[in-house]
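Participant: Return a 3D structure for these sequence lines:
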Amino acid sequence: MAYVLLVAGLLQAAASFSYVMIVDRRAEDAAKTYLLQLESEVKRDELVRMQKVFSSGYTGALATYTALLFVGVALVFLAINVPIWKGVALGLMIVGVIGHGVEAFSMQANRDYKAAVEAYASINVLHHFFR
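Facilitator: Purely as a prediction, here's the structure:
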């Protein structure tokens, strides 16, 4: 089990580092683009972008973590008398459960962000209503 957790942890760390670098670069590019746009255009573009995140952004990770869970459960039943495979099975199931938890946290954070963007009202618009 330790080997599975070590390898999975190293792969997750590498994937996370790469993902953070990509997201940071995209955020910088978006910020530069948004400087030239009106607030209403920024809001519209962000809502479209977030819709794309929800429609396809989680598919690969959730499928991978679900597959790890199923493989782990299958190994538990197929490797009844082989302790090493039981350890591998347990390791796969732990990685799958933790992965689903991380993705659920990410989805909630993105839902909160989308709700904040939807609720955002320009200072100028608020000033107009409260004169």
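
Participant: C-alpha only now, for contacts and for neighbours.
Facilitator: Noted.

Participant: Tell me how many other residues crowd A15.
Facilitator: Neighbourhood size, A15 [other Cα atoms under 10 Å]: 12.

Participant: Check whether it sits in a helix, strand or coil.
Facilitator: At A15 the chain is in helix, as set by DSSP: H, G, I helix; E, B strand; the rest coil.

Participant: What does the pLDDT read for it?
Facilitator: Per-residue pLDDT puts A15 at 84.

Participant: gap between A67 and A8?
Facilitator: Distance from A67 to A8, counting by Cα to Cα, to the nearest Å: 14 Å.

Participant: Please apply the same query to V88.
Facilitator: From V88 to A8 the distance is 11 Å (Cα to Cα).

Participant: between those two, who's got more neighbours?
Facilitator: Higher neighbour count among V88 and A8: V88, with 21 against 15, using other Cα under 10 Å.

Participant: wouldn't the more buried one be in contact with G72 here?
Facilitator: Yes - between V88 and G72 a contact is recorded at 7.3 Å, counting by Cα atoms under 8 Å.

Participant: what sits against H100?
Facilitator: Residues counted as contacts of H100 (Cα atoms under 8 Å, 6 or more residues apart in numbering) are L62, Y65, T66.

Participant: Could I get the full set of helices for this structure?
Facilitator: 2-34, 39-56, 59-78, 83-119, 123-129 (DSSP state H).

Participant: rank the ones you listed by pLDDT, which is bottom?
Facilitator: Looking at the helices of the chain, the weakest mean confidence is helix 123-129, a mean of 47.

Participant: Give the intersection of the neighbour lists for V88 and G72.
Facilitator: By Cα under 8 Å, 6+ apart, no residue touches both V88 and G72.

Participant: Using PDB, write down the CA coordinates of stretch 47-67.
Facilitator: Extracted in PDB, the C-alpha atoms of stretch 47-67 (Å, rounded to 0.1, in the frame of the first residue of the first chain):
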ATOM      1  CA  LEU A  47     -19.800  33.400 -16.800                       C
ATOM      2  CA  VAL A  48     -19.200  31.700 -20.100                       C
ATOM      3  CA  ARG A  49     -15.800  30.500 -19.000                       C
ATOM      4  CA  MET A  50     -17.200  29.100 -15.800                       C
ATOM      5  CA  GLN A  51     -19.900  27.300 -17.700                       C
ATOM      6  CA  LYS A  52     -17.200  25.600 -19.700                       C
ATOM      7  CA  VAL A  53     -15.400  24.600 -16.500                       C
ATOM      8  CA  PHE A  54     -18.500  23.000 -15.100                       C
ATOM      9  CA  SER A  55     -19.400  21.200 -18.400                       C
ATOM     10  CA  SER A  56     -16.100  19.600 -19.100                       C
ATOM     11  CA  GLY A  57     -13.400  20.600 -16.500                       C
ATOM     12  CA  TYR A  58     -14.000  17.800 -14.100                       C
ATOM     13  CA  THR A  59     -14.800  14.900 -16.400                       C
ATOM     14  CA  GLY A  60     -11.300  13.500 -16.700                       C
ATOM     15  CA  ALA A  61     -10.400  13.700 -13.000                       C
ATOM     16  CA  LEU A  62     -13.700  12.300 -11.800                       C
ATOM     17  CA  ALA A  63     -13.500   9.400 -14.300                       C
ATOM     18  CA  THR A  64      -9.900   8.600 -13.100                       C
ATOM     19  CA  TYR A  65     -10.800   8.700  -9.400                       C
ATOM     20  CA  THR A  66     -13.900   6.500 -10.000                       C
ATOM     21  CA  ALA A  67     -11.800   4.000 -12.000                       C
END
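
Participant: Understood, closing this out.
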